[in-house]
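**Q** curious how this folds, go ahead:
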Amino acid sequence: MILIVDMNFRRESMGYYEFVLPILYAVGDLDSVFVKHYSDITAEDFEKSTSVVLSGTPLKDNATLNEPEKFNWLGDCDIPALGICAGMQTIALAFGVGLEKCVGIGMTKIRTVSPNPLFSSTFGAYALHNYSLAAPKDFEILAESERCVEAVKLRKKNIFGVLFHPEVRNPEIIQRFVRKFGSTE
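**A** Got it, this is the predicted structure:
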């Protein structure tokens with residue numbers, strides 16, 4: 001079962017329709033799915049999940065960036081996770097990595113710099129972000145754009161982050177994550 005974490009500042013915000021529902025549509029045929037707001041997650045949610053996807057948020061929604069301690073469960077959790085945009089930024093903060101200003105809006109050329117199971121080569125993706133990772137010490141850099149670190153993997157676990165929005169233009173990346181790391185089918 002896939003847990004999609006709604007990272008928007010409040011439940012049922014407009015961001016839910018823009019950033020969470022497209023993920024649900026991308027993976028809904030691959031496995032059972034349930035959505036929880038980040039403030040409502042419990043230990044029982046992980047017991048029934050095979051993978052976790054943390055959604056993105058609108059540009060001015062920095063709620064999770066101000067509360068990285070609410071994501072300490074990532075350090076204890078053995079379930080694979082994929083953070084999208086604010087999800088990646090929050091994962092970084094939860095593991096002690098800082099953020100730096102790096103604005104990206106619109107189509108962006110992404111270049112793969114390290115082999116990984118989610119994507120390869122150079123491809124176009126939709127960006128909508130204000131920050132990227134500063135020195136990602138415990139993370140392997142998987143992809144970059146001209147200005148930003150665009151994708152990472154935690155070295156010790158199957159925790160991935162992408163700064164771009166695959167739910168907009170590249171849903172196959174989310175599908176590959178679920179098929180490789182969490183689908184029960």
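**Q** could you point out the longest helix in the protein?
**A** If you go by DSSP state H, the chain has its longest helix at helix 171-181.
**Q** quick one: buried residues of that helix?
**A** By neighbour count on 16 or more other CB atoms under 10 Å, the buried set for helix 171-181 is 173-179, 181. From N, CA and C alone the C-beta is placed, and that goes for glycine too.
**Q** now swap in stretch 106-118 and tell me
**A** For stretch 106-118, using 16+ other CB under 10 Å, the buried residues are 108, 110, 112, 116, 118.
**Q** partners of the third one in the sheet?
**A** I take that to be T112. Assessed by DSSP bridges, T112 has beta-bridge partners A143.
**Q** what pLDDT is listed against it?
**A** Per-residue confidence (pLDDT) for T112: 98.
**Q** where in this protein is pLDDT low?
**A** Low-confidence segments of the chain (pLDDT under 70): 183-185.
**Q** show me the helices in it, by range?
**A** Counting by DSSP H, the helices of the chain are 14-15, 21-27, 43-47, 73-76, 86-94, 166-169, 171-181.
**Q** quick one: contacts of the second one?
**A** This means helix 21-27. 2, 4, 33, 35, 53, 55, 84, 166-168, 171, 174-175, 178 (CB atoms under 8 Å, 6 or more residues apart in numbering).
**Q** ditto for stretch 28-38
**A** Counting by CB under 8 Å, 6+ apart, residues outside stretch 28-38 touching it are 1-8, 10-11, 20, 24, 27, 45, 50, 54, 64, 70-71, 175, 178-179, 182-185.
**Q** return the subset of those lying in strands.
**A** Within those, residues falling in strands by DSSP state E are 2-6, 54.
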